[in-house]
Structure formats: C-alpha cells, structure tokens
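Enquirer: model the following, please.
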Amino acid sequence: MTKIAAVILTGSRDQHNILLSGTGLSSKTLLPVGEKPMVQWVFDALSATAYKPRLYVSTNDPAIEQREFGAPALSVPSGTSAVSSFLQAIDNVSADTEWVILASGDHVLLTPEMVTYFVEEAQRRQLTLAVSVVAKSTVQAHYPNSKRTYMPLKGDAYSGANLYMVHKPSFSGQRRVLETIDQNRKKPWKSVFMMDWFSIVRVFARQVDIHELATLASKTIGCKTGCVVLPFAEACMDVDKPSDKEIAETIIEHRKGLHLVGVEKPEPDKSPDVIPISREADQNDPFKPAVGFGALQYIAALLLLHTILDRVF
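Expert: Here you go, the predicted model:
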C-alpha cells in the first residue's frame with residue numbers, strides 16, 4: 001500500500017495577529033472556530049480520509065507540540081518562512097513515505113472529500129508537485145458576495161486552496177529553485193525573471209490558462225508540476241481575519257444540518273448550496289490584506305508570480 005504522510009503547517013508564533021488580540025494564545029491555529037481550534041479541524045479532516053496518512057504537525061510552538069489531537073501525531077520543526085517549513089516538512093517525514101500532503105493549519109473548512117479529490121487527481125496525473133486551486137467561477141456560484149484575491153488567467157481566475165502534495169522520491173533537486181524563490185521574496189522581480197520574456201508577456205497578457213502556467217512552472221522547477229482545480233468553493237477559504245472567522249463559523253453551522261456524502265469525482269456543481277453571507281464587515285475590515293497569497297501559495301504552478309503577492313499565511 002502506498003505510504004502517505006500528511007503535514008499540517010502551523011507557521012510561526014504570531015502573537016501580533018489581530019485574531020489573537022486578548023486571547024493569550026500564541027498561534028492563530030489554536031484559536032477556536034466553532035467548537036474546535038483551527039488546527040483540530042484540519043487534523044480531523046486529514047485523519048478521516050480513506051488514505052489514513054501518518055500525521056505530522058509542523059511547529060515550533062510548545063502549546064501545539066503538547067496538544068492532544070485525539071490520534072497519534074508527530075511534531076516536525078517549522079522553518080523561518082513558509083517555503084522553508086514546506087521543505088523541512090518533506091525532509092522530516094518517515095523515510096519510507098511516498099507521498100506528502102501539506103495543509104495549512106488555518107484551513108478550517110477542509111473536508112475529507114476535498115483531500116480525497118486532490119490526492120486522486122495528483123496521483124492520476126503522476127505529478128511530482130501538486131498545488132490546489134479554486135476557480136473564481138466556482139466560488140461566485142456558491143458565495144457571490146465572498147471577497148477573495150484571485151490571479152486572473154485565460155478562461156478564469158484562481159485562488160490558492162492551501163493544500164499541496166509532493167511525490168517525495170521524485171522531489172530532490174527542485175528544492176534549490178524553491179529556496180532561491182524564498183530568498184527573493186523581498187525582491188520578487190528576481191524570481192519573475194527566471195522565466196523567459198515571451199512566457200512572462202503571455203502570463204501577464206492572460207494568454208495562458210492554469211494548466212499551461214503549470215507547464216511553464218514545471219520547466220523552471222525541473223519536475224512535473226500541476227494545479228488541481230478543486231470543485232469545492234470552501235477549499236480556498238482560510239481564516240486570516242475576524243470576518244473570515246465569522247464566515248467559517250456560519251458555514252460550519254450550515255454543514256451540521258446537511259448529510260454530506262463524499263463522491264469519488266464530484267462535478268463543479270456538487271458543492272454545498274449557496275449560503276447567504278453578508279460581507280459588509282469584510283469590505284470595511286481595516287485588517288484586510290491588500291494582497292491575498294502567501295509565500296507558499298502557488299509555490300509550484302504560480303512559481304514566478306506568487307512572491308509578488310507577498311502575504312505569509
């Protein structure tokens with residue numbers, strides 16, 4: 001049986017996050033959303049998949065390291081940045097691991113169905129590095145008032161879904177490129193110009209679609225990279241600010257009244273029904289970031305553009 005590990009990336013200690021004001025918590029992933037902390041939602045979704053992955057938590061926070069998740073979990077050290085944490089997680093999982101799933105610790109709306117769809121598509125396409133995204137059309141079909149940050153491309157625009165997968169035996173020399181991008185995150189133009197001029201013009205002119213962009217990224221990174229477009233609107237909704245938390249809790253309450261049945265290959269219209277959510281608070285939120293992707297977002301398919309949108313998850 002294929003050995004799969006799943007790593008939850010909790011980031012660094014972030015006492016200055018607005019969500020933690022007055023809570024005494026050291027990490028936003030420990031903040032309760034609904035009846036559970038964020039990181040517990042992610043842990044439960046990963047552990048409930050049919051793959052039964054070996055579970056790890058990437059953290060340097062003692063409060064997270066000492067947490068009882070309800071099932072066995074090992075801690076691996078976080079790096080000094082999102083990309084370094086990503087690479088360290090791959091290094092620190094068991095040597096016999098074939099596939100490594102990486103999920104953001106604030107992805108409270110993650111479900112086993114999302115993980116299953118993502119893993120099956122990445123394996124079917126034999127990707128070395130898989131990145132999950134959600135199309136703007138999917139989000140707007142179910143949450144027309146939701147304000148996300150998208151990268152516009154030919155055919156649609158896309159938002160990152162905080163879920164990644166690496167085929168560990170095939171992923172080796174590519175780390176040098178990713179480390180270079182991480183080093184350039186304060187000077188993103190250096191990473192952009194790793195691509196040839198013709199490709200740069202095509203991307204900015206929206207002459208390439210999401211899969212063509214992944215092909216360009218593959219050539220630069222040196223491994224088979226691909227974007228898996230998830231048909232679940234909630235897959236790109238993490239929690240970064242108070243209005244995000246409010247929306248997540250509304251969706252969680254809505255899910256309690258549904259009998260959610262996982263399907264092997266859901267169509268884009270199989271996401272949960274539209275939930276009317278007011279986004280007035282989000283529109284007026286002074287803490288709403290000007291850009292919406294982190295150093296880890298689109299690390300593969302949007303390799304040469306993601307550092308421009310500089311917000312660490």
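
Enquirer: stretch 152-162 - what's its average pLDDT?
Expert: If you average the pLDDT over stretch 152-162, you get 88.

Enquirer: and what about residue 80, helix, strand or coil?
Expert: At residue 80 the chain is in coil, as set by DSSP: H, G, I helix; E, B strand; the rest coil.

Enquirer: for residue 64, same thing?
Expert: Going by three-state DSSP: residue 64 is helix.

Enquirer: I figured it hits residue 37, correct?
Expert: No: the criterion here is CB atoms under 8 Å, and residue 64 misses it with residue 37 at 9.3 Å. To be clear about C-beta, it is placed using only N, CA and C from the backbone, and glycine gets the same treatment.

Enquirer: how about the contacts made by the residue nearest to the spatial centre of the chain?
Expert: The chain has residue 162 as the residue nearest its centroid, 0.5 Å off, counting by CA atoms, centre = their mean. Taking CB atoms under 8 Å, 6 or more residues apart in numbering, we find residue 162 in contact with 103, 104, 106, 107, 110, 132, 235, 236, 238, 297, 313.

Enquirer: quick revisit: shared neighbours, residue 64 and residue 37?
Expert: In contact with both residue 64 and residue 37: 29, 30, using CB under 8 Å, 6+ apart.

Enquirer: coming back round to it: now, which of the contacts of residue 162 sits nearest residue 207?
Expert: residue 297 (22.1 Å; CB to CB).

Enquirer: so for that closest one, what's the pLDDT?
Expert: 37.

Enquirer: how many residues are close by residue 176?
Expert: By the criterion of other CB atoms under 10 Å, residue 176 has 11 neighbours.

Enquirer: ramachandran coordinates for it?
Expert: phi -60, psi -40 (degrees, to the nearest 10).

Enquirer: buried ones in the longest helix along the chain?
Expert: Taking DSSP state H as the criterion, the chain has its longest helix at helix 242-256. Buried residues in helix 242-256, counted by 16 or more other CB atoms under 10 Å: 243, 244, 245, 246, 247, 248, 249, 251, 252, 255.

Enquirer: for the residue nearest to the centre of the chain, which non-adjacent residue is closest in space?
Expert: Using CB to CB, 6 or more residues apart in numbering and skipping residues adjacent in sequence, the residue nearest residue 162 is residue 104, 3.7 Å away.

Enquirer: neighbours of that neighbour, how many?
Expert: Neighbours around residue 104, by other CB under 10 Å: 27.

Enquirer: correct me, but it touches residue 42?
Expert: Yes: Residue 104 is within contact range of residue 42, at 7.4 Å (criterion: CB under 8 Å).

Enquirer: ok, the buried residues of helix 242-256 vs residue 7, which is closest?
Expert: Distances from residue 7 to the buried residues of helix 242-256, taken by CB to CB, are shortest for residue 248, at 21.7 Å.
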